[in-house]
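*Asks:* the sequence and its predicted three-dimensional model are supplied below.
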Amino acid sequence: MIELKNVTKTYPGQSFKAVDNLSMIMETGEITVLVGPSGCGKSTTIRLINGMIETTSGDVFIDGKNIKDTDPNRLRMNIGYVIQHIGLLPHLTIAQNIAIVPKLHGWDKGRIDKRVVELLELVGLDPGITKNKYPLQLSGGQMQRVGVARAMAVDPATMLMDEPFGAVDPITRRGLQDEFLRLQTVMKKTICFVTHDINEAVKMGDKIAIMNKGQIVQYDTPKNILSHPVNDFVQDFIGADRMVKKLNILLAEQIIYPIEKTLRINESELPRAFDLMREKGDYHVACYIDNAGRAVGLITKEMEKKLVGNFTIEGLKGLIADNQKAAVHHDTNLSDVFSQMLEHNSECVPVVRNDDIIGSAFFDDIRIFVNKEDDE
């Protein structure tokens, strides 16, 4: 969708190149993150893509068309653009801010009003409460959501996002990141996303381009960059905790101990649960089945240790219920799985899909899997 060919940008009076012979392809429907230290050329690159500044040499193509052959205003009208400080016009209501580009496209009032409501609902804001307010009446996180909604007003195939969540607090930032990733699973936009934060890059990107001095040092998937940094600059930029960062891109379902491989224990077998597990051999975990045949909990070796000298059925059921509180979804990243284990003091947590237990995740398997991925 977006291609840069031998793009260079030099500003008058500067001896260095802000962007230096940059070539890359940003795939359709993916989030490509540009990340690097201040002055590396990432924000310049995004401005070159939407024609805010012209290349000194080289070409930028969007959907196969050279942007030099497109009217700059028409080009920008068909690209969603989100910036760090949002850029909402303070004298216009939220609805009027979102309506700016649709009006330029000649949409009628009914179509615009309908689209405003759709977009506010999409980004998690109540249209009835929000649309007639002015920007300063909203929180920073709410304004950022409106900025995203405005960028999507005419449903552009391409979006450019320059430090979009950098001006909000860490808690709000995580929420906005999660919400945008949820939206992207539906929208499938082609997105160029600029950040200086490697953690945000790892979380948001399908691909990451690490830049320095106007050039790309490494362009690859987050997994490959974390596992195989190409040089000392990339390794230093990622940080010494790169193995910990990998936990954010690996999922519970990748280390799952499937329920089919566990011992299934029903209500009548609870008194002999641990004996049955020992008879099986490697009795890490059993799956507790209720009278309706539904998997409702896990029984682990840890529970036996806690019940030594004081075993009761009610006590075991209580531990099973406590273990259930630590349950994670199959698409939960391993960082959050690990946090659940620590919070609930458990080496094993249930993994669920659509509220059904499909298996279990173990602390040791996280360590083994991450190391294995790094070796590969």
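*Replies:* Looks like it came in fine. Numbers count the residues shown, from 1 in each chain.

*Asks:* all strands of the stretch 1-150 of the chain, in order?
*Replies:* Along the stretch 1-150 of the chain, the segments classed as strands by DSSP state E, counting those that start in this stretch run 2-9, 19-26, 31-35, 57-62, 65-66, 79-83.

*Asks:* let me redo that: the stretch 201-350 of the chain
*Replies:* Counting by DSSP E, counting those that start in this stretch, the segments of the stretch 201-350 of the chain that form strands are 207-212, 215-220, 257-258, 263-266, 285-289, 295-300, 328-329, 348-353.

*Asks:* would you reformat those strands as a markdown table and include distance to residue 144, mean neighbour count and mean pLDDT?
*Replies:* All C-beta spots, glycine's among them, are computed from the backbone N, C-alpha and C. A markdown table is the format used below for the strands of the stretch 201-350 of the chain (distance: least, Cβ to Cβ, whole Å; neighbours: other Cβ atoms under 10 Å; pLDDT from 0 to 100):
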| stretch | distance to residue 144 | mean neighbour count | mean pLDDT |
| --- | --- | --- | --- |
| strand 207-212 | 22 | 23 | 96 |
| strand 215-220 | 27 | 19 | 96 |
| strand 257-258 | 40 | 14 | 78 |
| strand 263-266 | 48 | 16 | 83 |
| strand 285-289 | 43 | 23 | 80 |
| strand 295-300 | 40 | 23 | 83 |
| strand 328-329 | 26 | 20 | 92 |
| strand 348-353 | 31 | 22 | 88 |
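
*Asks:* out of these, which comes closest to residue 244?
*Replies:* strand 207-212 (16.8 Å; Cβ to Cβ).

*Asks:* to residue 141, which of the strands of the stretch 201-350 of the chain lies closest?
*Replies:* Closest to residue 141 of the strands of the stretch 201-350 of the chain, according to Cβ to Cβ: strand 328-329, at 23.9 Å.

*Asks:* so what secondary structure elements neighbour that closest one?
*Replies:* Applying 3 or more Cβ pairs under 8 Å, 6 or more residues apart in numbering; DSSP states H and E, one finds that strand 328-329 contacts helix 334-343, strand 348-353.

*Asks:* now render these as JSON lines, adding distance to residue 230.
*Replies:* Formatted as JSON lines, those follow (distance: least, Cβ to Cβ, whole Å):
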{"stretch": "helix 334-343", "distance to residue 230": "24"}
{"stretch": "strand 348-353", "distance to residue 230": "34"}
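
*Asks:* nearest to residue 357, of the strands of the stretch 1-150 of the chain?
*Replies:* strand 31-35 (31.8 Å).

*Asks:* neighbouring strands - and their directions - for the closest one?
*Replies:* Here strand 31-35 has these sheet partners by DSSP bridges: strand 190-195 (parallel), strand 207-212 (parallel).

*Asks:* show residues contacting stretch 316-328.
*Replies:* With contact meaning Cβ atoms under 8 Å, 6 or more residues apart in numbering, stretch 316-328 is reached by 252, 270, 273, 288, 296-300, 303, 306-307, 336-337, 340-341, 343-344, 346, 348-352, 357, 361.
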